[in-house]
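Visitor: please work out how this folds:
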Amino acid sequence: MEFLGIGPTEFLMILTVSFIFLGPSRMMGLARKIGGLVRELRQAVNEIPALVALEDDSDEVDKRELTDSYRLDLEDEQHRGDKSSNG
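Guide: Now for the predicted structure:
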């Protein structure tokens, strides 16, 4: 099992060296910060599909509104053209 190209043995070595340099209290604080960052990252990644779907839906609404606007403008022009040719 590798994570970011780091195997289990390398990961244990990194933990051991960081424990020696940081000490147990600072290691716990660092672990909490990393855990919080990972949690926020996961939440952000989970929100991406919802944001994309929301943006896609808003684009669809904009397209419908634009189409309706052009259709109404075209109908108005046709109506004016009919009046001018008849009148």
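
Visitor: and the residue most central in space within the chain, how far from G36?
Guide: The residue lying closest to the centre of the chain (CA atoms, centre = their mean) is I48, at 2.9 Å. From I48 over to G36 the distance is 19 Å, taken as CB to CB, to the nearest Å. For the C-beta atoms, the positions are set from N, CA and C on the backbone; glycine is no exception.

Visitor: kindly report the same for L72.
Guide: Distance from L72 to G36, by CB to CB: 52 Å.

Visitor: repeat for A53
Guide: With CB to CB as the criterion, A53 and G36 are 27 Å apart.

Visitor: ok, P8 next?
Guide: 24 Å.

Visitor: same question, V17
Guide: For V17, the distance to G36 - CB to CB - is 23 Å.

Visitor: repeat for Y70
Guide: On the measure of CB to CB, Y70 and G36 end up 50 Å apart.

Visitor: and R26, by the same measure?
Guide: Distance, R26 to G36, using CB to CB: 16 Å.

Visitor: just F19 next, same as before
Guide: Per CB to CB, F19 is found 20 Å from G36.

Visitor: what segments of the chain are helices?
Guide: 8-86 (DSSP state H).

Visitor: so where is it shaky, pLDDT-wise?
Guide: Where the chain drops to pLDDT under 70, the residues are 1-3, 57-62, 83-87.

Visitor: 80 instead, please
Guide: The chain contains residues with pLDDT under 80 at 1-4, 52-87.

Visitor: counting neighbours, what do you get for the closest residue to M27 other than its chain neighbours?
Guide: Spatial nearest neighbour of M27, excluding adjacent residues (CB to CB, 6 or more residues apart in numbering): F19 at 5.6 Å. Using other CB atoms under 10 Å, F19 has 12 neighbouring residues.
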